Structures are given as C-alpha cells and as structure tokens.
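S.K.: I would like the atomic coordinates for the input below:
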Amino acid sequence: MDVNAVFEGGGVKGIALAGAVVGAERSGVRFQGVAGTSSGSIVASLLAAGYSGEELQRIINQTPFKTFLKRSPLYNVRFAGPAVRLMWKKGLYSGEALEYWIRKLLLAKGVRTFADLPKGKLKIVASDISNGRIVVLPDDLPFYGADPAQFEVAKAIRMSASIPFFFDPVIIRQQVGIREEDGFAGRFAYIVDGVLLSNFPLWLFEEGQSGREEPVPTIGFQLVGKNANEPHVIRGPFSMLQAIFETMLQAHDERYIEKEYRDRTVKIPTLGVRSTQFELREEVSARLFESGREKTEAFFRTFFIR
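M.R.: As a prediction, the model looks like this:
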C-alpha cells in the first residue's frame with residue numbers, strides 16, 4: 001500500500017517514529033511523499049534518501065544523542081557561560097553537531113540538496129519568527145532568495161529542529177517584505193523549530209491530489225503522552241525555558257484533530273520521555289522504538305479494511 005506520511009516533531013521522542021517506520025514496512029506500506037517537523041523531519045529526510053526502517057534502528061543504536069549538545073569551553077563556565085551564550089547566540093547549543101550528523105547520513109545515500117531527491121518527495125516545516133509565518137521547505141525558499149534545488153537538506157533539517165533557546169536559530173537573508181525603516185537587521189529572518197507553528201502538518205499533501213482517480217492517503221504519525229509523573233522543577237531561567245517548551249509540545253500533543261485526519265493518525269505513546277532528554281538510557285530508547293513499532297502495526301491491521 002502506498003501512503004504519504006507526516007511525522008510529528010518531538011525532539012528525542014522521535015526515536016519512536018523510527019519504530020513506526022519499521023512497523024509500517026512490516027505491514028506492507030510503501031512511503032511516497034514524506035514530511036515532518038523537528039525530529040519528524042529527520043525521519044522523513046532519511047526515508048526520502050532511501051533508508052529503511054531497519055537502517056534507522058541501527059542508526060539510533062549507534063548514535064549517542066548527547067553529543068549534539070556541544071559548545072565552546074568558554075560557554076561552559078558555570079552559570080555565566082550558558083547565560084552569555086544564550087544572550088549572544090540566542091541558544092544554549094549551536095546545533096552544528098546535529099547538522100553535521102544528518103549531513104553525513106544523507107551523503108552516504110548520495111543526497112546533499114533537494115535536487116538530489118524526486119520533486120515533491122520531501123517537505124520540511126520550520127517557523128520564521130521574524131515574519132511570524134510557517135515555512136515549508138523547499139517550497140518557500142524563493143521568499144528568502146534561495147534556490148530550492150541548491151539548498152542543503154541538512155540545513156533545512158537544522159532549521160526545523162532548532163528548539164528555541166536550546167539550539168541557535170538559523171539566520172537567513174530575506175529578499176521579500178524588507179522595510180527600509182528596519183535597517184540592516186531587518187534583512188534577516190530567524191528560523192526555529194517548526195513545532196511553534198505547525199507540529200503536525202497533515203495538510204501538506206492535500207494539494208495536488210484533486211482530480212486523481214485514486215488519491216494517495218496521507219497517514220500521520222503523532223507522538224502522544226503527558227509527563228504526568230515528572231513535574232518540571234524550575235531552578236532558574238534555563239530550566240524555566242525548557243519547561244515552557246516542553247509544556248508547549250504537550251499542548252500540541254493534546255490538541256484537537258479534525259475527524260477526517262483522526263482516522264488516519266497513528267498515535268504513539270512516548271512513555272514519559274521529554275523532548276530534550278538527550279541523555280537517554282539505552283533501555284528507554286529501545287522501549288520508545290518498540291512503542292512506535294507496535295502501535296503502527298496495530299493501526300495498519302485495521303486500516304486496510306476501512
């Protein structure tokens with residue numbers, strides 16, 4: 001069965017999405033168009049590049065995600081260092097390690113730019129906080145004066161996965177909507193994690209299907225579950241920022257989904273894992289993966305007869 005797939009973002013919880021891919025493939029599903037936000041964009045891009053679910057599982061087992069949390073020793077000075085970095089760079093960590101990691105994985109499959117993928121195969125969602133708009137990559141790149149065909153997929157993923165205050169925003173020069181009174185700073189747009197504006201963009205593949213005799217169904221993979229047993233302990237401004245972001249993601253998880261999409265959504269429990277819990281124990285990671293696999297296989301056992 002051919003489907004378009006939309007993967008919700010959720011930081012480290014995205015491990016469950018890799019399990020969902022395995023469950024879908026075991027159920028005879030073939031992915032056509034793929035889209036995602038934040039960690040969902042990572043899974044979508046690897047699928048678009050040709051990775052299988054089993055390969056995604058091996059990648060997870062071999063990747064210590066805490067290595068993404070790198071910064072200069074200058075910014076590691078207790079208390080002052082992170083505060084200075086946050087004020088200067090607007091993030092606690094650069095996000096460069098994440099971009100480098102995903103670039104290597106994509107290059108291993110011969111993918112560098114969007115031109116290396118079939119047209120329309122991959123869509124990535126980010127948030128432009130300068131202009132207050134959803135950014136769909138590569139479609140919206142001309143707005144910023146960039147050629148979609150020449151834009152690096154790894155850079156687009158970093159844009160989509162730049163958790164506010166946690167990772168640095170990606171700053172790009174814009175060509176449209178510039179006002180003279182805004183000065184030099186107004187020529188640049190700050191792009192951050194897509195979850196701020198559209199964490200679960202099930203609408204992405206609806207356009208272009210009108211008139212088709214047999215439209216390809218769009219299946220959503222949603223990460224659900226509150227961290228009921230782990231309240232946020234606020235010890236300072238950094239833990240407060242993290243709590244704000246985690247709370248926002250929970251609100252996304254619990255929001256209403258229209259009936260037409262509800263029947264096409266795989267809901268995957270995230271077992272109390274938090275989005276920024278990068279130092280995840282191996283056994284917890286394995287449970288997350290299995291949660292995605294099991295729920296997806298259960299979903300497709302009944303989906304075929306609808």
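S.K.: Lowest average confidence across helices and strands of the chain, where is it?
M.R.: helix 237-254 (a mean of 60; mean pLDDT, DSSP states H and E).
S.K.: Can you list the low-confidence ranges for this protein?
M.R.: Counting by pLDDT under 70, the chain contains low-confidence residues at 71-89, 175-186, 207-213, 226-261, 304-306.
S.K.: okay, which residue is most central for it?
M.R.: The C-alpha lying nearest the average C-alpha coordinate of the chain belongs to residue 38 (CA atoms, centre = their mean; 1.6 Å).
S.K.: Next up, the contacts around it.
M.R.: By CB atoms under 8 Å, 6 or more residues apart in numbering, the contact set of residue 38 is 9-11, 14, 160-161, 163, 193-195, 199. (Glycine included, C-beta is placed from N, CA and C.)
S.K.: which non-adjacent residue is nearest it?
M.R.: Excluding its sequence neighbours, the residue lying closest to residue 38 (CB to CB, 6 or more residues apart in numbering) is residue 9, at 2.7 Å.
S.K.: Contact partners for the one you found?
M.R.: Neighbouring residues of residue 9 by CB under 8 Å, 6+ apart: 36-41, 160-161, 193-195, 199, 249.
S.K.: So which of the residues you listed are in helices?
M.R.: Taking DSSP state H as the definition of helices, these contribute 39-41, 160, 249.
S.K.: quick one: the strands in the chain?
M.R.: Listed in chain order, the strands of the chain (DSSP state E) span 2-7, 30-37, 91-93, 122-128, 133-137, 165-167, 170-173, 188-193, 218-224, 265-269.
S.K.: any idea which of the ones you listed is most buried?
M.R.: strand 122-128 (a mean of 27; mean count of other CB atoms under 10 Å).
S.K.: between that one and strand 2-7, how big is the angle?
M.R.: Counting by axes from the mean of the first three to the mean of the last three CA atoms, to 10 degrees, strand 122-128 lies at 20 degrees to strand 2-7.
S.K.: just the CA coordinates of strand 122-128, formatted as PDB?
M.R.: Only the C-alpha atoms of strand 122-128 are listed here, as PDB (Å, rounded to 0.1, in the frame of the first residue of the first chain):
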ATOM      1  CA  LEU A 122      10.200  15.600   1.000                       C
ATOM      2  CA  LYS A 123       8.700  18.600   2.800                       C
ATOM      3  CA  ILE A 124      10.100  20.000   6.000                       C
ATOM      4  CA  VAL A 125       8.400  22.500   8.200                       C
ATOM      5  CA  ALA A 126      10.100  25.300  10.200                       C
ATOM      6  CA  SER A 127       9.000  28.500  11.900                       C
ATOM      7  CA  ASP A 128      10.000  32.000  10.800                       C
END
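S.K.: what's the angle from it to strand 188-193?
M.R.: 120 degrees.
S.K.: Please name the strands paired to strand 122-128 in the sheet, noting orientation.
M.R.: Sheet pairing here is set by DSSP bridges, and for strand 122-128 it gives strand 30-37 (parallel), strand 133-137 (antiparallel), strand 188-193 (antiparallel).
S.K.: what about the shortest one, distance to the chain center?
M.R.: Yep, that's strand 133-137 we're talking about. 13 Å (CA atoms, centre = their mean, to the nearest Å).
S.K.: Show me the contact partners of it.
M.R.: 114, 123-128, 148, 151, 156, 159-160, 191, 194, 197-198, 201, 204.
S.K.: remind me, longest helix of the protein?
M.R.: Max-length helix for the chain by DSSP H is helix 282-303.
S.K.: can you state the direction angle for that helix and strand 2-7?
M.R.: 140 degrees.
S.K.: Can you check what angle separates helix 282-303 from strand 218-224?
M.R.: Interaxial angle of helix 282-303 relative to strand 218-224 (the same axes, to 10 degrees): 140 degrees.
S.K.: Report the buried residues of helix 282-303.
M.R.: 285-289, 291-293, 295-297, 299-300, 303 (16 or more other CB atoms under 10 Å).
S.K.: Okay, and the beta partners of the closest residue to residue 156 other than its chain neighbours?
M.R.: Spatial nearest neighbour of residue 156, chain neighbours left out: residue 137 (4.3 Å); criterion: CB to CB, 6+ apart. In this entry, residue 137 is beta-bridged to residue 124, by DSSP bridges.
S.K.: quick one on the thing from earlier: neighbour-wise, give me the winner out of the ones in helices among the contacts of residue 9.
M.R.: Highest neighbour count within those: residue 40, with 33 neighbours (other CB atoms under 10 Å).
S.K.: Residue 117 versus residue 44, what's the distance?
M.R.: Plainly put, residue 44 is 11 Å away from residue 117 if you go by CB to CB, to the nearest Å.
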